[in-house]
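>>> structure, please.
(one chain, ligands or ions: 2)
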Amino acid sequence: MKKRVYIKTFGCQMNENDSEKVLILLKEEYVPTDNPEEADLIIVNTCSVREKPQHKVYSEVGRYKPLKKKKKHLLIGIIGCVAQQEGENLIKKLPYVDFVLGTQSFYQIKEVITKLQKDPKPIVLTELTNEFKPPLVLPEETLSKNTEKVTAFVTIMQGCDNFCSYCIVPYVRGRETSRPPEEIIEEIKRLVELGVREVTLLGQNVNSYGLKEKGYPDFPELLNQIAAIEDLWRIRFTTSHPKDLSEKLIRTMAENPKICHHIHLPLQAGSNRILKRMNRKYTKEEYLEKVAKLRELIPDIAITTDIIVGFPGETEEDFEETLEMLKTVRYHEIFSFKYSDRPFTTAKNFEDKIPEEEKEIRLKLVQELQKTITQEIYQQYVGKEMEVLVEGFSSKSKTQLMGRTSTNVIVNFYSPRLDLKGRLVKVRIEEAGKHSLKGRYLEILK
Ligand code: 5AD
Ligand code: SF4
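Ligands and ions are numbered 1, 2, ... in the order given. Below you'll find the predicted structure:
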């Protein structure tokens with residue numbers, strides 16, 4: 001009988017994607033389980049982008065310590081960004097941990113486990129090299145709960161070269177490298193064979209895809225190559241750095257019907273002074289020009305963003321400018337965070353830190369304002385007929401289905417037929433909720 005692996009994933013979609021790869025790499029020896037109590041191998045995939053998720057690692061891993069007493073052969077490992085950042089320190093603080101594998105080293109997990117089964121000495125691998133090329137790990141059907149997925153993530157590039165002054169990513173994920181286009185296409189074709197109809201391409205800055213590599217297509221060209229895959233209906237991507245959002249990309253999005261009408265375009269802050277200190281390399285005026293171009297060529301495009309409040313030195317006037325930007329751009333949704341000091345970053349050494357209470361106030365203000373804007377935007381969907389790709393049952397009830405619009409808004413809807421997973425359907429929107437829409441099924445389109 002195969003052994004069981006339990007994997008807990010924190011952080012971004014890139015981590016989700018890496019966790020899936022780990023399961024594929026282990027598939028000959030381990031089947032996934034949802035219950036850590038019955039696992040023979042427990043892996044925690046960690047995030048260090050802000051302080052809070054980093055702290056969670058210790059409590060999460062600590063929770064599994066008693067299991068180790070009950071089950072002598074149980075292996076516990078830490079992977080992801082905190083593993084990369086802390087390396088040996090994790091073993092010092094959590095001596096019962098068997099392995100720590102960084103963001104480039106986790107591909108060696110199979111060999112690491114074989115080694116540990118012979119010799120229980122903890123293994124730490126955290127090398128980070130500029131030449132690193134992730135090996136091709138093709139999606140598998142055998143991962144029980146992941147079968148019949150309608151949507152999937154595909155990592156197209158690793159690392160980041162931008163060094164925004166607050167951000168730890170370039171230090172824990174290394175230099176930016178793009179995966180070869182043939183491998184990306186091969187992976188997506190396999191996903192489509194497994195029933196996937198929508199892919200989300202992942203990278204810290206997808207807009208600079210292929211620019212460092214000789215002979216690679218650029219990002220708009222890659223999108224067109226992917227769109228040529230038959231039976232793939234929808235393409236999404238994240239994240240776009242505003243400084244690299246080209247007119248060519250906007251035109252490609254407008255012209256290629258498979259590319260969804262949504263863009264995640266992190267603004268971070270609305271004041272030019274703060275943007276400069278953040279090393280974002282664009283001004284708010286340049287950002288607004290790109291938004292205008294997007295709306296000109298793709299009038300129904302949904303724009304979402306990331307906002308950091310309380311960056312060192314952010315005055316009330318600077319913060320007001322962030323609020324003004326939210327009112328001007330009118331995002332569908334925002335992800336907002338209080339600035340948090342991260343190791344290695346330059347902002348960590350800035351002196352004029354904003355007190356925690358003030359950051360808290362600003363975060364609330366941003367979120368309150370956005371709540372109203374999102375509600376107003378969602379209200380505009382009511383009465384419209386939208387194309388929805390059905391992902392499965394709604395999370396709240398098995399009598400409703402759930403899918404997303406091209407603009408990435410979640411729609412829960414009643415339907416006389418419940419066997420519509422993987423179909424593209426038309427839904428009449430009847431009600432707007434806080435983070436989703438409600439509707440009624442009209443017809444199958446595909
Ligand atoms: N503090 C707060 N938020 C941060 N982010 C990245 N680094 C930090 C930090 N030090 C946010 C940014 C980024 C998102 C993924 O996380 O908004 O876009
Ligand atoms: Fe971090 Fe900036 Fe790179 Fe995004 S672009 S991962 S915020 S350094």
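
>>> show me the shaky parts of the stretch 101-250 of the chain.
141-147 (pLDDT under 70).

>>> rerun that using 50 as the cut-off
The model of the stretch 101-250 of the chain has pLDDT under 50 over residues 144-146.

>>> where along it do the strands fall?
Remark: strands assigned in the stretch 101-250 of the chain by DSSP state E, counting those that start in this stretch are 123-125, 151-155, 157-158, 177-178, 198-202, 234-238.

>>> give me the sheet partners of the fifth one and which way each runs.
Strand 198-202 pairs in its sheet with strand 151-155 (parallel), strand 234-238 (parallel), by DSSP bridges.

>>> to the chain's geometric centre, what's the distance from the first one?
For strand 151-155, the separation from the chain centroid amounts to 10 Å (computed by C-alpha atoms, centre = their mean, to the nearest Å).

>>> so what touches that strand?
13-14, 16-18, 20, 134, 139, 179, 184, 187-188, 191, 196-203, 389, 391 (C-beta atoms under 8 Å, 6 or more residues apart in numbering). Placement of C-beta: from N, CA and C, glycine included.

>>> list the buried ones in the longest helix that the chain contains?
Looking across the chain with DSSP state H, the single longest helix is helix 356-379. The neighbour-count check on helix 356-379 (16 or more other C-beta atoms under 10 Å) flags 358-359, 362-363, 365-366, 370, 373-374, 377-378 as buried.

>>> and stretch 255-268, by the same measure?
Quick answer for stretch 255-268 (16+ other C-beta under 10 Å): 258-268.

>>> need the distance between the two termini of it.
Length of stretch 255-268, first residue to last, C-alpha to C-alpha, to the nearest Å: 29 Å.

>>> what about that stretch, near ligand 1?
Yes. On the criterion C-beta under 6 Å from any ligand atom, stretch 255-268 is in touch with ligand 1 at 266, 268.

>>> how far off centre is that stretch?
Distance of stretch 255-268 from its chain centroid, counting by C-alpha atoms, centre = their mean, is 14 Å.

>>> partner residues bridging residue 80?
If you apply DSSP bridges, the partners that residue 80 bridges to are residue 46.

>>> about what we covered before: may I see the buried residues of stretch 255-268 organised as CSV, with secondary structure, distance to residue 410 and pLDDT added?
Shown next, in CSV, are those (DSSP: H, G, I helix; E, B strand; the rest coil; distance: C-beta to C-beta, whole Å; pLDDT from 0 to 100):
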residue, secondary structure, distance to residue 410, pLDDT
258, coil, 20, 98
259, strand, 19, 98
260, coil, 14, 98
261, coil, 15, 98
262, strand, 12, 98
263, strand, 17, 98
264, strand, 15, 98
265, coil, 20, 98
266, coil, 21, 98
267, coil, 23, 98
268, strand, 25, 98
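
>>> which one of those residues is nearest to residue 164?
residue 268 (7.5 Å; C-beta to C-beta).

>>> surely the closest one meets residue 307?
Yes. Counting by C-beta atoms under 8 Å, residue 268 does reach residue 307; the two are 6.5 Å apart.

>>> follow-up on the earlier one: next SSE downstream of the longest helix of the chain?
strand 385-393 (DSSP states H and E).

>>> buried stuff in that next one?
Buried residues in strand 385-393 (16+ other C-beta under 10 Å): 386-392.

>>> on that earlier part again, buried among the contacts of strand 151-155? Make that a PyMOL selection.
The buried subset of the contacts of strand 151-155, as determined by 16+ other C-beta under 10 Å, is captured in PyMOL by this line:
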select buried, resi 14+17+18+20+134+139+179+184+187+188+191+196+197+198+199+200+201+202+203+389+391
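
>>> now residue 338, nearest residue through space, not along the chain?
residue 359 (4.1 Å; C-beta to C-beta, 6 or more residues apart in numbering).

>>> which ones are touching the one you found?
By C-beta under 8 Å, 6+ apart, the neighbours of residue 359 are 309-310, 338-339.

>>> make it 10 Å
Going by C-beta atoms under 10 Å, 6 or more residues apart in numbering, residue 359 touches 308-311, 314, 319, 337-340, 353.

>>> with residue 205 instead?
Applying C-beta under 10 Å, 6+ apart, we find residue 205 in contact with 157, 159-162, 169, 176, 211, 219, 239-241, 243-245, 266.

>>> before we move on, what about residue 88?
For residue 88, the contacting residues are 100, 122, 124, 126, by C-beta under 10 Å, 6+ apart.

>>> that's all I had, so thanks and see you.
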